[in-house]
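>>> here is my input, please return the structure:
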Amino acid sequence: MSQTILIETNPDLKKIYSINLNTFVGTDVIHRNNADDAIELLRILPQVGLVITQSKVGAEETAIKIHRFIKSENLATALIVLGESKTISDEVLCLKDPVSWEILIKQAAQHLGVNMQDATAKVRPDYLPVGVHYFYDISNTPCDIYIRIKKAPNDYQFVKRIHSKDVFDKSDIQKYEDQGLKEFYVPKDYIQYFTTFVTNNLIKKLEREDLTMEDRILTTANAHEIVRESIQAIGFDDASVELSDASINSMVKSVKNSPQVAPLLKFLFSNKVSFAYQHCHLLALMCHYVLSKQSWYKPEHLETLSFVAFFSDVTLKSNLQMQISSMRDLNESNLTDEEKRQVMNHAKDAVALMTNHPDANDYIKTVLIQSHGKIDGIGIEENPGEDLHPLSKVFIVADAFVKILLNPALPSSKKDILPLLSVRFTNASYQKIIKALEQKFE
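Predicted coordinates:
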């Protein structure tokens, strides 16, 4: 499905345009507030097919700024301007105010390659897929839930499996998974209601004080997966910000009271927790081990590194990308050129995404952009220097430790891993961090 960025400050028009763009053109609509927000997203998602923007937002020449960026980066992204913009009217389509949604839809369809004859007849599917994991931490749903059964090539039947009044638990959902089911289907008119319902339930559960350690880790892991999916699809919105905040706070609680590494690893593997969250949780745990041995340690340091761990790989799409630990790993991998580019830039890209997260201050962004040893967030430094932020150094060593630990082809015991780190990270401050790991856990 194509993606369209929409900049429209009138809430009624925003709603009308969004619904009709999605319904008749079949494009995912991502809302942004101004040119800078749109440009930051385009840096991360250059495959966005269309930007629809007001000519100006306040005093900002919004359309002109976005047009210049698209040209400078040689993007294939189309641009439709709502209102007059004489400076660029010879190069892009400018629709005069007032803009009717029918005209906008037809122009958007043309720009996105949707057959004009079929555009006005195009409808969204009656049911939309959601991953099975969305049901792990709820016991009921606000609507009926369906599965899809293939009757013949290109012919499917949707069968109701969960009624809105049914009560279920995770074991009931896992029975479907054991049969190979990966997705349930939600009626299209209920999809936003359903995702909001799941998000609110997850937040409420994560904020509980009576969760067992095991339940807290599994719930946080599920929330982490949902946040990743949402951000990769549409960037940050209010729901993903709230859920990520609750998840990070929950992770900090579990890290402070975490079991030893060996039983924790066994638990993570036996419960089929995603590699993304295994890496995230163990990384926060290793950072906590190191920080607890530092004389300058303050509680907010763990919160910062947990935040960075939660989002450090958010733009990466595969486990293979997330397993890369060095430029040698990257060069020897079977990743495509585009996948390698994503790995090379993922620290920088993660910081760009943080523009729309209200808790991502300059302090956090500094640690995040240096999280692979490069000041500009591009590439992976094999032996980082002493000019990085102290928390970045802790993160870098902890990250290398965890990636070795999670790689079945590499050593899995501390006594075998630490010498490998000592050979790689030769500068004095990094050697002290390795010593802290050596002291802390047995």
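
>>> going forward, measure contacts and count neighbours with C-alpha atoms only.
Noted.

>>> tell me the confidence at residue 406?
Note for residue 406: predicted pLDDT of 94.

>>> that one and residue 354: what is the separation?
Residue 406 sits 27 Å away from residue 354, going by CA to CA, to the nearest Å.

>>> give me the contact list for the longest helix anywhere in the chain.
Identified as the longest helix of the chain according to DSSP state H is helix 213-234. For helix 213-234, the external contacting residues (CA atoms under 8 Å, 6 or more residues apart in numbering) are 28-30, 133-134, 136-137, 202, 205-206, 236, 240, 243-244, 247, 250-251, 254, 258, 273-274, 276-277, 310, 314-315.

>>> neighbours of the residue lying closest to residue 324 once chain neighbours are set aside, how many?
Nearest non-adjacent residue to residue 324, counting by CA to CA, 6 or more residues apart in numbering: residue 330, 6.1 Å away. Residue 330 has 21 neighbouring residues, counting by other CA atoms under 10 Å.

>>> do residue 88 as well
So residue 88, with other CA under 10 Å, has 15 neighbours.

>>> residue ranges with poor pLDDT in the chain?
Applying pLDDT under 70 to the chain flags the ranges 1, 115-125, 152-155, 440-442.

>>> so what sits opposite residue 93 in the bridge?
residue 80 (DSSP bridges).

>>> correct me, but it touches residue 79?
Yes - at 7.1 Å, residue 93 counts as touching residue 79 under the criterion of CA atoms under 8 Å.

>>> distance of residue 367 from residue 391?
From residue 367 to residue 391 the distance is 6 Å (CA to CA).

>>> now residue 139
40 Å.

>>> look at these two and report which has more neighbours.
The neighbour comparison of residue 139 against residue 391 (other CA under 10 Å) goes to residue 391, with 21 against 13.

>>> what helix or strand is residue 334 located in?
Assigned by DSSP states H and E, residue 334 falls within no helix or strand.

>>> burial measure for it, as a count.
Residue 334 is flanked by 12 other residues according to other CA under 10 Å.

>>> distance of it relative to residue 144?
Counting by CA to CA, the gap from residue 334 to residue 144 is 42 Å.

>>> what ranges do the strands span in this structure?
Listed in chain order, the strands of the chain (DSSP state E) span 2-7, 27-31, 50-54, 78-82, 93-95, 127-131, 145-152, 155-162, 183-187.

>>> please identify the most buried of those.
strand 50-54 (a mean of 24; mean count of other CA atoms under 10 Å).

>>> what angle sits between it and strand 2-7?
10 degrees (axes from the mean of the first three to the mean of the last three CA atoms, to 10 degrees).

>>> what's strand 50-54 in contact with?
3-8, 62-63, 77-83, 108, 111-112.

>>> related to what we said a few turns ago, looking at the strands of the chain, which is nearest to residue 169?
Among those, the nearest to residue 169 by CA to CA is strand 155-162 (11.8 Å).

>>> how close does the residue most central in space within the chain sit to residue 425?
Closest to where the C-alpha atoms of the chain average out (CA atoms, centre = their mean) is residue 228, at 2.9 Å. To residue 425, residue 228 is 31 Å away according to CA to CA.
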